[in-house]
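Novice: okay, structure incoming, though there's no sequence with it:
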């Protein structure tokens, strides 16, 4: 057996190529749109032909690369028969077996995360007649289970039954490889480990320790994170209901970009680091640093719906990386990019804005002096509970745009996250909605704690 896990560390997406060297054939499971070249290159390197493409479920966090890979390899796409995909594909059902030479992949239907979710029990008959590992899709993660996004409590109950019927009946030695890991929005407490075993998850995964279906459902539904706003669009594209596109951004002069923005249906996406963005940026620009964790997912969440994007990148390679990453999450409406960035924009005497940066020490002094400042903490609830600045307003990044009314418009707002990246993104969102007088706390809570400054829980 040839087994290769391909990891997108920023997005937490995992895909797999499994091949039989004797047969010269392979299957790609959960192909990502931005990894097509890697599958082809790896298969070619190992002397394999990609003969099957399979999805463990309809993904809602990224665009599948299945159809593009199928067009290049002529391999059929296999989906569970509960899938609502309208493009050409083959169907599989519970108990079906896919053979790749000496390798057998048994399909197990595990509805819950989605109605069409499946797991794949993989056996290498050259090695043994018992399953070696299981590809769990978004049914079971390392340290967590899938979100029941489509069906609520009823789907959560179905997930409990699927786990009991398929997963927990397996031997402890069976290895576990999911479709997502740490960094993904598809779960809440996923580990960044690339794999695990049934025995380890049975013992340490909190979701598998529920003593009843009701306890499991209550645990899963409590504090369920909000669904990304791009959820429906990505699902529609993965089902073939919305056409797939490829962005081809064109170079724009500063004046051309200003004209596009004047129409009112475009937004600048500034890919530079928070400090550089803070020095000078296009008014209304959204700031998500290209090096940020979950870069593309943050853009998909924070960018205005249906807006055409104009990119400002630190360099040409960053531009290419951004377009490729955004394509993966279905952000295809990229109008163009500022060919000479902020240098030409300022030379053309076009308006600029800035975001003051302040250190944790400076914020601490302001608070000690009783100066008029509101601390806004944009971290996730789990981070907030571990410790925060006393008196701070908790406004998680993904909820900022919907909860603007909770922030005072007339007072200075010191915005902080763990390190200063999310806070800059949130400030850019707040300013797009007309909320001014924001300061970015550089280094965030990490620097605050390192400096020995007080926190409360």
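Specialist: Looks like it came in fine. Owing to the predicted nature of the structure, the values given are computational and were not obtained by experimental measurement.

Novice: start to end distance for stretch 126-135?
Specialist: Start-to-end span of stretch 126-135 (Cα to Cα, to the nearest Å) is 19 Å.

Novice: can you list contacts of it?
Specialist: For stretch 126-135, contacts defined as Cβ atoms under 8 Å, 6 or more residues apart in numbering pick out 1, 16, 29, 56, 102, 105-106, 119-124, 167, 170-171, 174-179, 195, 198. Yep, even glycine has a C-beta here, placed from its N, CA and C like the rest.

Novice: please apply the same query to stretch 273-284.
Specialist: Outside stretch 273-284, the residues touching it (Cβ under 8 Å, 6+ apart) are 257, 261, 267-268, 270, 272, 285, 287, 289, 291, 312, 314, 342, 345-346, 350-357, 420-421, 423-424, 428, 431-432, 440, 442.

Novice: out of those residues, which are buried?
Specialist: Using 16 or more other Cβ atoms under 10 Å as the burial test, the contacts of stretch 273-284 include 257, 261, 267-268, 270, 272, 285, 287, 289, 312, 314, 342, 345, 350, 355, 357, 420-421, 423-424, 428, 431-432, 440, 442 as buried.

Novice: so what's residue 170 up against?
Specialist: Here residue 170 is in contact with 121, 131, 134, 198 (Cβ under 8 Å, 6+ apart).

Novice: what helix or strand does the second one sit in?
Specialist: Taking DSSP states H and E as the criterion, residue 131 maps to no regular element, lying outside all helices and strands.

Novice: who's the nearest residue to it once chain neighbours are set aside bridged to?
Specialist: Nearest residue to residue 131 in three dimensions, chain neighbours excluded: residue 121, at 4.5 Å (Cβ to Cβ, 6 or more residues apart in numbering). Following DSSP bridges, residue 121 is listed with bridge partners residue 106, residue 134.

Novice: what's the neighbour count on residue 121?
Specialist: If you count neighbours by other Cβ atoms under 10 Å, residue 121 ends up with 20.

Novice: please apply the same query to residue 403.
Specialist: Residues near residue 403, counting by other Cβ under 10 Å, number 12.

Novice: residue 394 is in contact with that one, correct?
Specialist: No - between residue 403 and residue 394 there is no contact under Cβ atoms under 8 Å: 9.8 Å.

Novice: okay, and the common contacts of these two?
Specialist: With Cβ under 8 Å, 6+ apart as the test, residue 403 and residue 394 reach no residue in common.

Novice: what about the contacts of stretch 126-135, which are in helices?
Specialist: Cross-referencing the contacts of stretch 126-135 against helices under DSSP state H gives residue 198.

Novice: for ChimeraX, what selects the buried ones among the contacts of stretch 126-135?
Specialist: Only the buried entries of the contacts of stretch 126-135 go into this ChimeraX selection, using 16+ other Cβ under 10 Å:
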select :1,16,29,56,105,106,119,120,121,122,123,124,167,170,174,175,176,177,178,179,198
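
Novice: restricted to strands, list the contacts of stretch 126-135.
Specialist: Applying DSSP state E to these, the entries found in strands are 16, 29, 105-106, 119-124, 175-178.

Novice: tell me which of the buried ones among the contacts of stretch 273-284 fall in strands.
Specialist: Among the buried ones among the contacts of stretch 273-284, the members falling in strands (DSSP E) are 267, 268, 270, 287, 312, 357, 440.

Novice: cheers, nothing more for now.
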